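Q: quick one: sequence plus predicted model below, questions after.
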Amino acid sequence: MYTPATTTTHHLEIRPGEGGDDAVLFASELAEALRLYAQRLGVAVSLEKGRTVVLALNGETLDLSRFVGTHRIQRIPKNDPRGRRHTSTATVALVDAGTAAHIELGDDDVRTDFYRGHGKGGQHRNKTSTAVRLTHLPTGTIVVMERGRSQAQNLLSARSELLRRLNAESVSNAASEVNERRGRQITTGERPTKQWTWNQQRDEVVHHASGKRYRMTDFLRGGLDD
C-alpha cells in the first residue's frame, strides 16, 4: 500500500538569475537576510551554501511565502571597475522536501503468477514453475524474474526489483511536483520580471504585488517586517 510521508521539511531555495557574478552575490545576500529574519523571530534555520542557497526552516510558524518570486536589484556591482549601474536578479522559491510516498507492498496490491522458465538453466528450471511475474495493480508495473533456479529466489528478487522501480517513480514524481511549484513562484527570473525590486541608490526594496516598501539596509540585516 502507499503510505504518505509523515514529515515535511520546508525549504527556501534562493538561486542567482541574470547578472553573472553579481547575481550570485545578490542571491547570497538575499539568503542571509532571510536567515537573519527567521533567526530574529526565534525560528531555527539551517543554511546550505552553494550556487543555489537552501534555507531549511525547522518551524511551522514563520511564513516567508510573501518573499517568493524574482528579486531584481539595481546597483553598481563591487566588481565593476568602471562604476556602471547594473541590474541583476535572484529567485526565491518555497518548496517542500520529503514528500515522496513511502511504498510498501501489500498482498492486495500485487498479483503473483508463477510459470516455467525458458532458455538455458537445466531441466529443473524448465520443467517446474520457478519463474515469477509480479503485477503491481495500482500502477500496472510488471516485473518478471526467471534467472534463479528456485521459485523462492525469483520471488524475492522480483519483489526487490518492484520496490526499487516504485520508489524511483515516487521520487521522480515528487521532484516533478517541486519543479512545477518552483516554476509557478519564480516565473522566468529574467531582468524584466518585476515581483521585487531593490534599488541601491534609493536604499529601497519594493514588493510590487502589495506596494510595501522597505529600507534596503534594514532588509539586508533581516528587518523584513512590514
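A: Perfect, thanks for sending it.

Q: now the element after the helix or strand hosting L162, going C-ward?
A: In this assignment (DSSP states H and E), L162 forms part of helix 151-186. Downstream of helix 151-186, the first helix or strand assigned by DSSP H and E is strand 196-199.

Q: relative to T141, how far out is E29?
A: Using Cβ to Cβ, to the nearest Å, E29 is found at 47 Å from T141. Every C-beta, even on glycine, is put in place using the N, C-alpha and C of the backbone.

Q: so which of the two has more stuff around it?
A: E29 (18 against 15; other Cβ atoms under 10 Å).

Q: am I right that that one falls within a helix?
A: Yes - counting by DSSP: H, G, I helix; E, B strand; the rest coil, E29 is found in a helix.

Q: please name the nearest non-neighbouring residue to it.
A: L220 (6.1 Å; Cβ to Cβ, 6 or more residues apart in numbering).

Q: what is the burial count for that neighbour?
A: Residues near L220, counting by other Cβ under 10 Å: 17.

Q: kindly report the same for A168.
A: A168 has 12 neighbours, counted by other Cβ under 10 Å.

Q: got the residue ranges for the helices in this protein?
A: Taking DSSP state H as the test, the helices found in the chain are 21-40, 123-127, 151-186, 216-220.

Q: ranking these by mean pLDDT, which is last?
A: Ranked by mean pLDDT, the helices of the chain bottom out at helix 123-127, with a mean of 51.

Q: could you chop this structure up by domain?
A: For the chain, automatic domain parsing gives the domain ranges 7-99+194-220, 102-171.

Q: my read: D22 touches S88, true?
A: Yes - contact criterion Cβ atoms under 8 Å: D22 and S88 qualify, at 4.4 Å.

Q: any common contacting residues for the two?
A: Shared contacts of D22 and S88 (Cβ atoms under 8 Å, 6 or more residues apart in numbering): 73, 75, 77.

Q: need the contact list for the last one.
A: The contact partners of P77, taken as Cβ under 8 Å, 6+ apart, are 21-22, 25, 86, 88.

Q: among those residues, who's most crowded?
A: Ranked by neighbours (other Cβ under 10 Å), the contacts of P77 are led by S88, which has 24 neighbours.
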